[in-house]
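Student: no sequence on this one, just coordinates:
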């Protein structure tokens with residue numbers, strides 16, 4: 001089922017009513033979605049494409065036990081750990097995930113300050129949280145990455161440093 005570029009702010013009720021019981025693939029790219037309310041009608045989904053929407057850290061997916069492909073490219077996701085914990089819980093069959101173009105995915109598409117090492121740490125952390133992934137951001141997961149994620153993945157969480165007071169601040 002394709003519902004691309006319709007400028008919808010929510011998943012239309014009729015879409016779930018008419019197609020939810022049989023749809024294996026749903027593409028809602030290029031809309032204005034901030035919520036995935038209504039997605040629970042699509043229990044048999046295997047592929048879900050949500051690129052170029054307004055989805056953020058409050059993203060909630062229903063349990064989708066057969067979902068193996070999820071793309072969330074170019075949304076507004078910043079809290080990587082929260083998203084990965086949620087996906088681990090509700091998408092046990094997930095093998096392909098793409099988060100390019102989100103702040104949570106540190107690469108040159110998001111910020112010129114990010115480099116290849118930032119991206120490698122990100123991949124390691126994602127694979128630690130979602131060890132069944134076969135592809136991440138359109139790149140095949142290598143055996144070496146999988147091994148590194150087992151050993152070091154928990155320590156690869158990227159945290160933003162807290163701002164400190166300047167030595168010259170007036171108290």
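Tutor: Received it, and whenever you're ready, just let me know what you need. From a predicted model like this one, the values you see are computed outputs, not experimental measurements.
Student: Stretch 4-18 spans what distance, first to last residue?
Tutor: 17 Å (C-alpha to C-alpha, to the nearest Å).
Student: and residue 29, what is it in contact with?
Tutor: Residues in contact with residue 29, defined by C-beta atoms under 8 Å, 6 or more residues apart in numbering, are 4-5, 49-53. Yep, even glycine has a C-beta here, placed from its N, CA and C like the rest.
Student: roughly how far apart are residue 9 and residue 119?
Tutor: Per C-beta to C-beta, to the nearest Å, residue 9 is found 32 Å from residue 119.
Student: now residue 140
Tutor: On the measure of C-beta to C-beta, residue 140 and residue 119 end up 15 Å apart.
Student: With neighbour numbers in mind, choose between those two.
Tutor: residue 119 (16 against 10; other C-beta atoms under 10 Å).
Student: If you tally nearby residues, what's the number for the nearest residue to the more buried one once chain neighbours are set aside?
Tutor: Closest residue to residue 119 apart from its sequence neighbours, by C-beta to C-beta, 6 or more residues apart in numbering: residue 107 at 4.8 Å. Neighbour count of residue 107, defined by other C-beta under 10 Å: 17.
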